[in-house]
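Fold the following.
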Amino acid sequence: MQWDSAISLAFAAEKLFEAAQLLTSDLVPANRALEIVHEHHLVPLLDNGNFLPEPVRNQLLEAQRSYDSAVSKGLTRDFARHLASELMRILSDVTATLKRISGPSLLTLDRRVA
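Residues are numbered from 1 along each chain as shown. Alright, predicted model coming up:
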């Protein structure tokens, strides 16, 4: 895996976690939370999608399609919870990939230098 991909995965994990928190908050109205998640989390992730593994990129595209569909029907608290669940599944996949790629590299560190 390229460093660009690893950095993009870490960026994705951070954005997905923040988005899921925002979508499950009772402090922000659901429609506003969804707009913020779209503008500040999904769009930036998709802008860097070419650095992400294809399965992650496809899941993000599906989340984007889901958002687009919900906009036409009206953004609701139920959809916010649905999208939060969808983003947490993607976060789980991203986290698993990061663990898989980071594990072996840590074992090869020269402890005298670290």
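
Just after the helix or strand hosting Ala33, pick out the following helix or strand.
For Ala33, the host element (DSSP states H and E) is helix 30-37. Heading C-terminal from helix 30-37, the first helix or strand you meet, by DSSP H and E, is helix 43-47.

Now tell me what touches that next one from outside.
Phe11, Ala12, Lys15, Leu16, Leu52, Arg57, Leu60, Leu61, Gln64 (C-beta atoms under 8 Å, 6 or more residues apart in numbering). Glycine gets a C-beta too; all of them are placed from N, C-alpha and C.

Could you list the low-confidence segments of the protein?
Low-confidence segments of the chain (pLDDT under 70): 1-4, 103-114.

if I look at the spatially most central residue of the chain, how far off is Ser102?
Taking C-alpha atoms, centre = their mean, the centroid of the chain lies closest to Leu16, which sits 3.1 Å from it. Distance of Leu16 to Ser102, computed by C-beta to C-beta, to the nearest Å: 17 Å.

Skipping its backbone neighbours, what lies nearest the residue nearest to the centre of the chain in space?
Leaving aside its sequence neighbours, Leu16 sits nearest to Leu91 (C-beta to C-beta, 6 or more residues apart in numbering; 4.0 Å).

What is the burial count for that neighbour?
20 (other C-beta atoms under 10 Å).

And the contacts of helix 43-47, which of them are buried?
Phe11, Ala12, Lys15, Leu16, Leu52, Arg57, Leu60, Gln64 (16 or more other C-beta atoms under 10 Å).

Show me which pair in these is furthest apart.
Farthest apart among the buried ones among the contacts of helix 43-47 by C-beta to C-beta are Phe11 and Gln64. That separation is 16.7 Å.

Determine the longest helix present in this structure.
Assignment by DSSP state H gives helix 77-107 as the longest helix of the chain.

Not counting residues beside it along the chain, what's closest to Asp93?
The shortest distance from Asp93 to any residue other than its chain neighbours is 6.2 Å, reached at Val56 (C-beta to C-beta, 6+ apart).

With Phe79 instead?
Ala70 (4.6 Å).
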